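How does the following fold in three dimensions:
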Amino acid sequence: MIPIRISLSSVRLGLLDAATVHTEPATPALVEELTSVAGKLANSLTVEAVAEMEPVRAVRAMFRAWGLDPSKYRPSAEALLRRIAQGKGLYQISNIVDIVNLGQIETGWPYGCYDRDRVQPPVTLRLGERGEKYEGIGRRVWHLDGRPVLADSEGPFGSPISDSTRTMVTPETRSLVVTIFAPASASDAAIEQALARTAARLERWAHAEGIQQEILRREAGKIA
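I've put the predicted structure just below:
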C-alpha cells in the first residue's frame, strides 16, 4: 500500500491499491451498467435535487470545513451528477476511469484514480500551498493554494475537485491507486461497500490483481 498521511479534518479516505490492471476501452457490459445507472439518475434528478442529496450535502460540508466554497470549486462527484441531471450523460474514457466514475455517481463522494507507478511516496492529503499548481485533466492550469490536494514527493497530483495529468490513468497504466474522499460522517460499512464494489468491477472489467483496501482517518494518526 502507498503510504498516505491525512492532514485535513472532516474526511475519511477509502484507499484501494491494485498491483496490476489492464487499461482498455470499456466493454459493452461495463458501458451498459454505466448507462443504466446514469439513466435511472437522469430520470429522477434535477440540478436542484442534486444539491439536496445527503452525500452531496455531506461532501459540501467537508469542503466548507476546509474553507472552500463547494459552489465555486465543485466536488467531482457532484459535477458528474449535475451533468447527468442536465441530460448530458457521461463521457466514456476507459474501463478504469468509467468504473471510478460509476462509483462516484452511486455514492455521491469524490473519487480519484491514479497511475500507481507515477506516484512517488510518501503521500499527504493536505491543503495546497501558495504558488503550487499543476496541469489539470481537461484544464490548462489548476492553482492549488488553499485547496485540498494529494501530494507526493514531487508535489501535488490529485484532488477531490480535479486531478493532474502527471499521474492520470492512460492506456499505459499497469498499476492503480483509487481514493474515495468520504465525509467524516460516512460509516465504515458504507466506505467498505464502496471499496468492495470498485474492487469487484476492477477485477471483472480491468483484470485487476493484488488488490488491497483500507480506510484512513486523521484522528487515528494512521499511515497506510
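
May I ask which helix or strand of this structure has the lowest mean pLDDT?
strand 142-143 (a mean of 90; mean pLDDT, DSSP states H and E).

For residue 56, give its distance to residue 183.
According to C-beta to C-beta, to the nearest Å, residue 56 stands 10 Å off from residue 183. Backbone N, C-alpha and C define where each C-beta goes, glycine included.

Quick one: list the elements packing against the next helix or strand after the least confident helix or strand of the chain.
Per DSSP states H and E, the first helix or strand lying C-terminal to strand 142-143 is strand 148-152. Helices and strands touching strand 148-152, by 3 or more C-beta pairs under 8 Å, 6 or more residues apart in numbering; DSSP states H and E, are strand 123-127, strand 155-158.

Name the surrounding residues that touch strand 148-152.
Residues from elsewhere that reach strand 148-152 (C-beta atoms under 8 Å, 6 or more residues apart in numbering): 4, 8, 11, 63, 66, 68, 112, 114, 119-128, 132, 156-161, 179, 181.

Just give me how far stretch 64-80 sits from the chain centre.
Chain-centre distance of stretch 64-80: 13 Å, with C-alpha atoms, centre = their mean, to the nearest Å.

Between the two ends of it, how far is it?
End-to-end distance for stretch 64-80: 20 Å, by C-alpha to C-alpha, to the nearest Å.

now stretch 70-86
One end of stretch 70-86 sits 19 Å from the other (C-alpha to C-alpha).

Go through it and flag the buried ones.
Under the neighbour-count criterion of 16 or more other C-beta atoms under 10 Å, stretch 70-86 has 70, 73-78, 80-85 buried.

the helices in the chain, which residues?
Ranges of helices in the chain, per DSSP state H, are 28-44, 47-52, 54-65, 76-85, 95-107, 188-205.

Out of the buried residues of stretch 70-86, the closest to residue 107 would be?
Ranked by distance to residue 107 (C-beta to C-beta), the buried residues of stretch 70-86 are led by residue 77 at 7.0 Å.

so the closest one touches residue 111, yeah?
Yes: counting by C-beta atoms under 8 Å, residue 77 touches residue 111, with 7.1 Å between them.

overlap in contacts of those two?
Common neighbours of residue 77 and residue 111, counting by C-beta under 8 Å, 6+ apart, are residue 104.

Can you list the low-confidence ranges for this protein?
The model of the chain has pLDDT under 70 over residues 219-224.

In the chain, which residue is most central in space?
In the chain, the residue lying closest to the centroid (C-alpha atoms, centre = their mean) is residue 111, at 1.2 Å.

Beta-bridge partners for that one, please?
When assigned by DSSP bridges, residue 111 has beta-bridge partners residue 180.

Could I get the contacting residues of it?
Residue 111 makes contacts with 76, 77, 100, 101, 103, 104, 178, 179, 180, 181, 198, as judged by C-beta under 8 Å, 6+ apart.

how about a cut-off of 6 Å?
Applying C-beta atoms under 6 Å, 6 or more residues apart in numbering to residue 111 gives the contacts 100, 103, 104, 180.

same check, this time on residue 123
Residues near residue 123 by C-beta under 6 Å, 6+ apart: 2, 4, 150, 152.

neighbours of the last one, just the number please.
Residue crowding around residue 152 was assessed by other C-beta atoms under 10 Å; the count is 21.

leaving aside the residues next to it on the chain, what's closest to it?
residue 120 (4.5 Å; C-beta to C-beta, 6 or more residues apart in numbering).

which of the contacts of residue 123 lies closest to residue 46?
The closest of the contacts of residue 123, once distances to residue 46 are taken by C-beta to C-beta, is residue 150, at 32.1 Å.
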